[in-house]
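> sequence and predicted model, in that order:
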Amino acid sequence: MVLEELKLKIITALKLESAVFSYPPSLDLGDLSLACFDLAKIRKINPVILAQELSVSLKNNLELKSYFLDIKAVGPYLNFFISPEYLAVEIVEAVKKEKNNYGINKIGHGQRVMIEYSNGNTHKEYHVGHLRNISYGDAINNLLNANGYCSVPVSYINDFGIHVAKTIWNWRRDPVYAERPEPRGYLLGRCYAKASKLLEDNPDGKSEVTAIMKEIENRQGENYKFWQISRQWSIEYFDSIYKELGIKFKNIFYESEAVDAGLAIVKDLISQGILRKSEGAIIADLEKYDLGVLPVIRTNGTALYAVADLALASEKFNKYNLDQSIYVVDVRQSLYFQQLFKILELIGYNKPMVHLTYDFVTLPDGMMSSRTGNVITYQELKDRVAAKLLEETKKRHTDWKDKRIQAVVNNLTLATIKFEMLKVSADKIITFNIEEAAKFDGYTACYIQYSYARLKSIVRKGGLNILSGKLDLTELKDSKERSLLLKIAKYPEIVKIAAMKYNPSELTKYLFELAQLSNDYYHEVNILKSEMKIKKARLALIEAIAQVLTNGFSILGIKVLEEM
RNA sequence: GCGCUCGUAGCUCAACUGGAUAGAGUACUUGGCUUCGGACCAAGGGGUUGCAGGUUCAAAUCCUGCCGGGCGCACCA
């Protein structure tokens, strides 16, 4: 919050209520900048002249003198050069003191926010689309916590749709699945993909599937029993994925447990006139809100997706005392969520509800869908990325034992996948090119991990005991050190912006830039061979960089590696 | 047809939501290991921000109209 304090001091000196600061395009121009356009408009003078006048008056301000080396007007901009000594001491000390808490703030005031993500379906594959969802959702969850919100991460699993009946139909007619060695939850996904293909142009199969679905909905018979067993396989499989990814949900909701309550709500809403019968089905007519029509109950009397969602929403609000509810779901369901939120609003839920959208993940050769069989599962993606990394890691460490190599590869694989999913803003389609992603050059998780590992290597060699005793941070005078200090100072702001914009890519970009600066510094300036006084200060700076990388990665759900 | 969304360097993406010379990565060309880990660093070329108008001190960003891609619009989720 060092920069925040400095900005406040400027605002006070100028006798303003608030002001929007920016950063000059080059450090030669200054460290911090105030554009004078708005202020000039209010005072009805030329912004260039205003900047000039303000620079003169601020330069004479005694209070500011100890914080700023210089204050210059450059055209309509008022540019501030922060005192290097002040910056070095304040920043490094702050990181050292706050450690894992450096960068967090309290703007959320402990508001309770529920965030729903991952949302796999039992009896279906967990694919790269889910991976984007869970990486994004978890990063937002961490960002909310870092900004002082009390977030409640949950997942909602659909275990009761027609897809379930399709999978069961195929599983029971083809013995091959029960014989395979892979986890059963994974096999159910393969079985579903096959079933979809087999059911195309297959009216007999379709009617068998309908019969199975009826049994499950009525909760009796052999297919229902098998549903209970196989559902558990999927749930266990999802749990293993969450564990692997290091993600913990406070609760997991299931459609099968929400349907009955949903039907009761539907009944109620019909009597309130919010829902009505039309063409044999039950619908919400939202034409007057420009939201079209949402079917809720089919002509044959069975429930559609919205029924469970209504029950789920009321359970969320009633049981968890929420201030806000966030759904992380594919952009293709935007209209649906507008409709759902409108119905909930009509019922009387007036707390903010947000549909956080993201676009889908495709392959270079076309659309992803389980129907066309062009789907890449989580497992497949992970294996292919890991294979590339294993090759590379083995090459570099011929003396390492398999177990050690495997541990590094596991970390880098998950880091790479999450980072790739987060570095592109959510409204862009990700074309997942495994060859490209597996190269690990440039803007990647591996680059940052590598930078971190090298910094830590220096610290290990530099001698931990050096850091005890007197430390004079004003020795950090190099221009690259200045850039690094300023970058570290900006971290808390990035954490805030990324959360406000629901955009973790702000953070991935920042961490990459910090790693770049640190690599540049590493090549230009020798730390261990410098004079003792300076060495101490530099080691302290390096520790601070490593700490920020650790904190940022942790928000992205990635663990740093001490060696790789 | 209506609605939403995207279009920026060969390719993949940024640009603090209207501000300073539109920036990174990758690919390509060139240079750097007796130096703290070369999965690294440095330098170079590469742009009419899809097109045409408009708004103003200032537009990749806002408004209008086109063009092109994607998605969604009653019983899938």
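Yes, it's here.
> for RNA strand B, give me its nearest residue in chain A.
With C-beta to the nearest atom of the strand as the measure, residue A:442 is the residue of chain A nearest to RNA strand B, at 2.1 Å. The C-beta positions use only the backbone N, C-alpha and C, and glycine is treated the same way.
> what pLDDT does the closest residue to residue A:508 other than its chain neighbours get?
Leaving aside its sequence neighbours, residue A:508 sits nearest to residue A:423 (C-beta to C-beta, 6 or more residues apart in numbering; 4.3 Å). Residue A:423 is assigned a predicted lDDT (pLDDT) of 95.
> follow-up on the earlier one: tell me which element the residue of chain A closest to RNA strand B is part of?
Using DSSP states H and E, residue A:442 sits within no helix or strand.
> residue A:95 touches residue A:488, doesn't it?
Yes. Applying C-beta atoms under 8 Å, one finds residue A:95 in contact with residue A:488, separated by 6.5 Å.
> return every residue with contacts to both of the two.
A:544, A:548 (C-beta atoms under 8 Å, 6 or more residues apart in numbering).
> quick check, central residue of chain A?
In chain A, the residue lying closest to the centroid (C-alpha atoms, centre = their mean) is residue A:139, at 2.6 Å.
> what about whichever strand or helix holds residue A:193, near RNA strand B?
Per DSSP H and E, residue A:193 falls inside helix A:184-198. No. Between helix A:184-198 and RNA strand B, judged by C-beta under 7 Å from any atom of the strand, nothing touches; the nearest distance is 10.7 Å.
> what about that helix, average pLDDT?
92.
> now that helix: buried residues?
For helix A:184-198, a neighbour-count test (16 or more other C-beta atoms under 10 Å) marks A:184-196 as buried.
> now that helix: how far from the chain's centre is it?
Relative to the chain's own centre, helix A:184-198 is displaced by 29 Å; criterion: C-alpha atoms, centre = their mean, to the nearest Å.
> quick one: the helices in the stretch 401-550 of chain A?
Secondary structure of the stretch 401-550 of chain A, counting by DSSP state H, counting those that start in this stretch: helices at A:402-422, A:434-437, A:445-462, A:479-500, A:505-524, A:532-555.
> swap in the stretch 101-250 of chain A?
Using DSSP H, counting those that start in this stretch, helices in the stretch 101-250 of chain A cover A:128-146, A:162-173, A:176-179, A:184-198, A:203-218, A:222-245.
> any chance of those in a markdown table, plus distance to residue A:284?
Listed next are the helices of the stretch 101-250 of chain A as a markdown table, based on distance: least, C-beta to C-beta, whole Å:
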| stretch | distance to residue A:284 |
| --- | --- |
| helix A:128-146 | 26 |
| helix A:162-173 | 21 |
| helix A:176-179 | 39 |
| helix A:184-198 | 29 |
| helix A:203-218 | 22 |
| helix A:222-245 | 29 |
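> near RNA strand B, which residues of the stretch 151-300 of chain A?
Within reach of RNA strand B by C-beta under 7 Å from any atom of the strand, the stretch 151-300 of chain A has these residues: A:158, A:161-163, A:255, A:278-281, A:283, A:292-293, A:295, A:297-300.
> so which of these sit within strands?
Judged by DSSP state E, strands contain the following of those: A:278, A:281, A:283, A:293, A:295, A:297.
> neighbours of residue A:183, how many?
Using other C-beta atoms under 10 Å, residue A:183 has 16 neighbouring residues.
> and what of residue A:228?
13.
> same deal with residue A:288?
Residue A:288: 6 neighbours (other C-beta under 10 Å).
> and it, what does it touch?
With contacts defined as C-beta under 8 Å, 6+ apart, residue A:288 is in contact with no residue.
> can you classify it by secondary structure?
Of the three states, residue A:288 takes helix under DSSP: H, G, I helix; E, B strand; the rest coil.
> and it, what pLDDT?
Confidence for residue A:288, expressed as pLDDT, is 92.
> returning to what we had before: among the helices of the stretch 401-550 of chain A, which is nearest residue A:124?
The closest of these to residue A:124 is helix A:402-422. By C-beta to C-beta, the value is 19.7 Å.
> who touches the closest one?
A:131-132, A:135-136, A:139, A:244-246, A:361, A:381-382, A:385-386, A:389-390, A:393-394, A:397, A:430, A:432, A:437-438, A:440, A:444-446, A:448-449, A:504-505, A:507-508, A:553, A:556-559, A:561, A:563-564.
> what packs against the worst-scoring helix or strand of chain A on mean pLDDT?
Between all helices and strands in chain A, the lowest mean by mean pLDDT, DSSP states H and E belongs to helix A:434-437, at a mean of 79. Other elements packing on helix A:434-437 under the criterion 3 or more C-beta pairs under 8 Å, 6 or more residues apart in numbering; DSSP states H and E are helix A:378-396.
> average pLDDT for the helix it packs on?
Per-residue pLDDT over helix A:378-396 has a mean of 92.
> does that helix reach RNA strand B?
Yes. Against RNA strand B, helix A:378-396 shows contacts by C-beta under 7 Å from any atom of the strand at A:389, A:392, A:393, A:396.
> quick check on the nearest residue to the second one once chain neighbours are set aside: phi, psi?
In space, and not counting its chain neighbours, residue A:392 is closest to residue A:440: 7.5 Å by C-beta to C-beta, 6+ apart. Main-chain dihedrals, residue A:440, degrees, to the nearest 10: phi 60, psi 30.
> now residue A:440: how far from residue A:254?
Applying C-beta to C-beta, to the nearest Å, the value for residue A:440 to residue A:254 is 39 Å.
> single out the most deeply packed of the helices of the stretch 101-250 of chain A.
helix A:128-146 (a mean of 24; mean count of other C-beta atoms under 10 Å).
> export that helix to PDB, keeping only CA atoms.
What follows is helix A:128-146, C-alpha atoms only, in PDB (Å, rounded to 0.1, in the frame of the first residue of the first chain):
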ATOM      1  CA  VAL A 128     -10.800 -29.000 -21.100                       C
ATOM      2  CA  GLY A 129     -13.900 -26.800 -20.900                       C
ATOM      3  CA  HIS A 130     -14.300 -27.800 -17.200                       C
ATOM      4  CA  LEU A 131     -10.700 -27.100 -16.700                       C
ATOM      5  CA  ARG A 132     -11.000 -23.500 -17.900                       C
ATOM      6  CA  ASN A 133     -14.100 -23.200 -15.700                       C
ATOM      7  CA  ILE A 134     -12.400 -24.500 -12.600                       C
ATOM      8  CA  SER A 135      -9.100 -22.600 -13.100                       C
ATOM      9  CA  TYR A 136     -11.000 -19.400 -13.600                       C
ATOM     10  CA  GLY A 137     -13.500 -20.000 -10.800                       C
ATOM     11  CA  ASP A 138     -10.800 -20.900  -8.300                       C
ATOM     12  CA  ALA A 139      -8.700 -17.900  -9.200                       C
ATOM     13  CA  ILE A 140     -11.700 -15.600  -8.700                       C
ATOM     14  CA  ASN A 141     -12.400 -17.300  -5.400                       C
ATOM     15  CA  ASN A 142      -8.900 -16.600  -4.300                       C
ATOM     16  CA  LEU A 143      -9.000 -13.000  -5.600                       C
ATOM     17  CA  LEU A 144     -12.200 -12.400  -3.600                       C
ATOM     18  CA  ASN A 145     -10.500 -13.700  -0.400                       C
ATOM     19  CA  ALA A 146      -7.500 -11.600  -1.100                       C
END
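> how big is the angle separating it from helix A:402-422?
Interaxial angle, helix A:128-146 versus helix A:402-422 (axes from the mean of the first three to the mean of the last three C-alpha atoms, to 10 degrees): 80 degrees.
> now do helix A:128-146, average pLDDT.
Helix A:128-146 carries an average pLDDT of 97.
> swap in stretch A:240-258?
On average, stretch A:240-258 scores 97.
> how about stretch A:112-119?
pLDDT averaged over stretch A:112-119 gives 97.
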